[in-house]
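>>> here's my sequence, what's the structure:
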Amino acid sequence: MITGILLAAGAGSRFGGDKLLVPLADGMPLGVKSGRNLLGGVDCAIAVVRPADRVLARLYEEAGLRVTYCPDAAAGMGASLACGVRAAADANGWLIALADMPYIHTDTIRAVTGLLRAGAALAAPRHQGRRGHPVGFAQAFFDELTSLGDDRGASSLLAAHASSLQYLDCDDPGILIDIDNRSDLANNLHAPASGFRAQSHAGCP
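Below is the predicted model of the structure:
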């Protein structure tokens, strides 16, 4: 089973707060769009949120994601990532996605998952020579992922194992578009649709 881990525990301070609840052009909250896209490309998905984000947690549960609360979220992205992987310790691999990237095509996510299923240790999409998200990790990286705790996410792990990273070259600019502030959102109002297709999921164990 490949489990998607959606990192949704950021404070959104550069945006001015509550970034993931802001509606996109189609009315869907930004963070929920990212979660639905991820869920369409993996076997099940877990959203990592801050303990106080009950509204966001409810929206994720309604969208079919399991929710885990991360009490260490303020420590940074690495701590949130570790929380998510610990919550899915039995998975064969994890696809780590960012909740502020709502324009990634579901087919791209599914293809990166396919690289993990085929035996890749690390996998990521690439557009016009630039690596994007989500990034896949095989089960062998459990100890390293759950040891993360700073604000750099898994960048140091990826650098240490760069020769093991398999790329999916794709025509999906959404893998590079993250929404950090309100101008990012305004500049990407007409970004390509994610291509989400509803699928049946048993849910994460």
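>>> make it CA atoms for all contacts and neighbour counts henceforth
Will do.
>>> in the chain, which residue is closest to the centre?
residue 97 (1.3 Å; Cα atoms, centre = their mean).
>>> name the element it belongs to?
For residue 97, the element it lies in under DSSP states H and E is strand 93-98.
>>> and the worst-scoring helix or strand of the chain on mean pLDDT, how far out from the chain middle?
Least confident helix or strand, the chain: helix 182-187 with a mean of 78, by mean pLDDT, DSSP states H and E. Chain-centre distance of helix 182-187: 20 Å, with Cα atoms, centre = their mean, to the nearest Å.
>>> tell me the buried residues in it?
The neighbour-count check on helix 182-187 (16 or more other Cα atoms under 10 Å) flags residue 185 as buried.
>>> contacts for the strand holding residue 97?
Identification of contacts with strand 93-98 by Cα atoms under 8 Å, 6 or more residues apart in numbering yields 1-8, 34, 38, 42, 81, 85, 113, 116, 133-139.
>>> so where do the helices sit in the protein?
Remark: helices assigned in the chain by DSSP state H are 30-39, 54-63, 77-86, 106-117, 142-146, 155-160, 182-187.
>>> show me what the longest one is in contact with.
In other words, helix 106-117. 2, 37-38, 40-42, 93, 95, 122-125, 134-138, 166, 168, 170, 172, 194-197.
>>> please check these and keep the buried ones.
Buried among the contacts of helix 106-117 by 16+ other Cα under 10 Å: 2, 37-38, 40-42, 93, 95, 122-125, 134-138, 166, 168, 172, 194, 196.
>>> so which of these sit within strands?
2, 93, 95, 122-125, 135-138, 166, 168 (DSSP state E).
>>> for residue 180, state which of the residues you listed is nearest.
Closest approach between these and residue 180, by Cα to Cα: residue 135, at 19.0 Å.
>>> in the chain, which residue sits furthest out from the middle?
Distance to centre of the chain, Cα atoms, centre = their mean, peaks at residue 163 (22.5 Å).
>>> shaky segments in this protein?
Along the chain, segments meeting pLDDT under 70 span 189-205.
>>> try 50
196-200 (pLDDT under 50).
>>> if we can go back for a sec, could I get the ones in strands among the buried ones among the contacts of helix 106-117 as a markdown table with distance to residue 103?
Shown next, in a markdown table, are these (distance: Cα to Cα, whole Å):
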| residue | distance to residue 103 |
| --- | --- |
| 2 | 21 |
| 93 | 23 |
| 95 | 16 |
| 122 | 22 |
| 123 | 19 |
| 124 | 16 |
| 125 | 14 |
| 135 | 15 |
| 136 | 18 |
| 137 | 21 |
| 138 | 24 |
| 166 | 22 |
| 168 | 17 |
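>>> and of the residues you listed, the nearest to residue 54?
Using Cα to Cα, residue 95 is the member of these that lies nearest residue 54, at 23.8 Å.
>>> which strand residues bridge that closest one?
Note on residue 95: beta-bridge partners residue 4, residue 136, judged by DSSP bridges.
>>> for it, give its distance to residue 101.
The gap separating residue 95 from residue 101 is 14 Å, by Cα to Cα, to the nearest Å.
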